[in-house]
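Participant: take a look and give me a structure for this.
(one chain, ligands or ions: 2)
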Amino acid sequence: MPVPGSPAAVLESLVVPKLDHVDLVTVKLPFVAPFGTSVYTWTDKEAMLMRLESGGLTAWSECVSDPDPYYFYETNATARHIIKDFLLPLLEPGLALGRLEAKFGHVRGHGMAKATIENGLLILIALQQGVPLHTLLGRPAARIMSGLSIGLKETPAELLAAVERAVSKGYHRIKMKVKKGQDIDWVRAVRERFPKVRLMVDANGDYTLADTDRLRRLDEFDLMMIEQPLSYSDIYEHSLLQKELKTAICLDESIHGLADAATALALGACRVINIKQGRVGGLMESMRMARYCADRGVPVWSGGMDETGVGRAVNIHLQTAEGFTLPGDTSETSNYFDRDIAEPPVVLDAEGFIAVPAGPGLGVRVVPERVLERAVRWERLR
Ligand code: OSB
Ligand code: MG
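Facilitator: Ligands and ions are numbered 1, 2, ... in the order given. Take a look at the predicted model:
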């Protein structure tokens, strides 16, 4: 819903450009190493990209879903279905993005599908205006904080080596994945070796309230937060758990938009929110959430979905917004890929910061030959 005076208000009044072509291009990029979580281990990124062509300009956006529903209910196949059969038909040139969002609201859920189109349109409009995406978002150029998400490892030695590498690169905070049984001792090992590092854990919903005593043992390690300890669909039980823990809870999977964030904060279910722009339906809802949290003194950070350079750039531009006071899951491209489809790659500067790309739109160039090389599906929708 358009909210006057909100940080998304200016974006809501922008209009859908005339589109000459719309394509969905799925690319498969091998990871440099498997990425393990309590729910699944991924060995590659199968990313569905949207290509919008308008008056000689080309904008790319990325659907952050995976081919599987192990992190989130949406998949590349459901997103393709929703985009093609329900969302894309709602686009009319000249329609205000606020109105488009309201129309998208008739489709329940499927925020990742919605975000793919909305972000693509915003990137296209930024290109047409010749400005970087962050300028369209009303934010000045900046450099953003970096953060690394370290997957589950086979041995504590491997984990310590990964943390060591991250610390020496200058990452501003380190997140380690945990699961029931691979938690207390592993966190202790990291803490003993790196007493000062800004550290947090992410359980991807592996625990239940019956594990409260176990989770309380994490309090001694001075963690910044525990991300999504309980079920992906729960908010209420997190409010019970938060009362039992000193460590802040951060919600990821449970938060699908501003309304969920408001519920979670009202219940005291968390003290920090992970905003994944795709999971909450796009950049406009992300901006509203960041403002809502900032107004209440609740820190937010940008999650990631091990995106290609396209989605990674979107997350970077978003983090120039007010409220992103904590380092997010924004790491160097080389953490996931040897060769990405976009140039230049994301790198940390000497102080561990990431520069926001300066050119029009995303400010990164999608390399056609790399896309062709990695494409497993290419479909023209318009
Ligand atoms: O829970 O934050 C998560 C990756 C895929 C799915 C879920 C999550 C993650 C990450 C890594 O933790 C985020 C990234 O580095 O982009
Ligand atoms: Mg998470």
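Participant: could you check which residue of this protein lies nearest ligand 2?
Facilitator: residue 252 (3.6 Å; CB to the ion). All C-beta atoms are positioned from the backbone trio N, CA, C, and that covers glycine.
Participant: which ones are touching that residue?
Facilitator: Shown here is residue 252, whose contacts under the criterion CB atoms under 8 Å, 6 or more residues apart in numbering are 202, 204, 227, 228, 274, 276, 279, 303.
Participant: in strands only, show me the residues you listed.
Facilitator: When the contacts of residue 252 are checked against strands (DSSP state E), the matches are 202, 227, 274.
Participant: most neighbours among those residues, which one?
Facilitator: By neighbour count, taken as other CB atoms under 10 Å, the most surrounded of those turns out to be residue 227 (28 neighbours).
Participant: sec struct for the closest residue in space to residue 267 that isn't next to it in sequence, please.
Facilitator: In space, residue 267 comes closest to residue 239 once its chain neighbours are excluded; the distance is 4.0 Å by CB to CB, 6 or more residues apart in numbering. Under DSSP: H, G, I helix; E, B strand; the rest coil, residue 239 falls in the helix class.
Participant: tell me who's in contact with the residue nearest to residue 357 when sequence neighbours are not counted.
Facilitator: Beyond its immediate neighbours in the sequence, the residue positioned closest to residue 357 (CB to CB, 6+ apart) is residue 363, lying 2.7 Å away. Applying CB under 8 Å, 6+ apart, we find residue 363 in contact with 132, 133, 313, 356, 357.
Participant: surely the second one touches residue 314?
Facilitator: Yes: under the criterion of CB atoms under 8 Å, residue 133 makes contact with residue 314 at 7.4 Å.
Participant: now the common contact residues for these two.
Facilitator: With CB under 8 Å, 6+ apart as the test, residue 133 and residue 314 both reach 123, 362.
Participant: report how many residues lie close to the one residue in the stretch 201-350 of the chain that gets nearest to ligand 1.
Facilitator: Using CB to the nearest ligand atom, the point where the stretch 201-350 of the chain gets nearest to ligand 1 is residue 304, with a distance of 2.3 Å. Other residues within reach of residue 304 by the criterion other CB under 10 Å amount to 21.
Participant: I'd say it and residue 333 touch.
Facilitator: No: at 11.6 Å, residue 304 does not count as touching residue 333 under the criterion of CB under 8 Å.
Participant: what parts of the stretch 151-300 of the chain come near ligand 2?
Facilitator: By CB under 5 Å from the ion, the residues of the stretch 151-300 of the chain that approach ligand 2 are 202, 227, 252.
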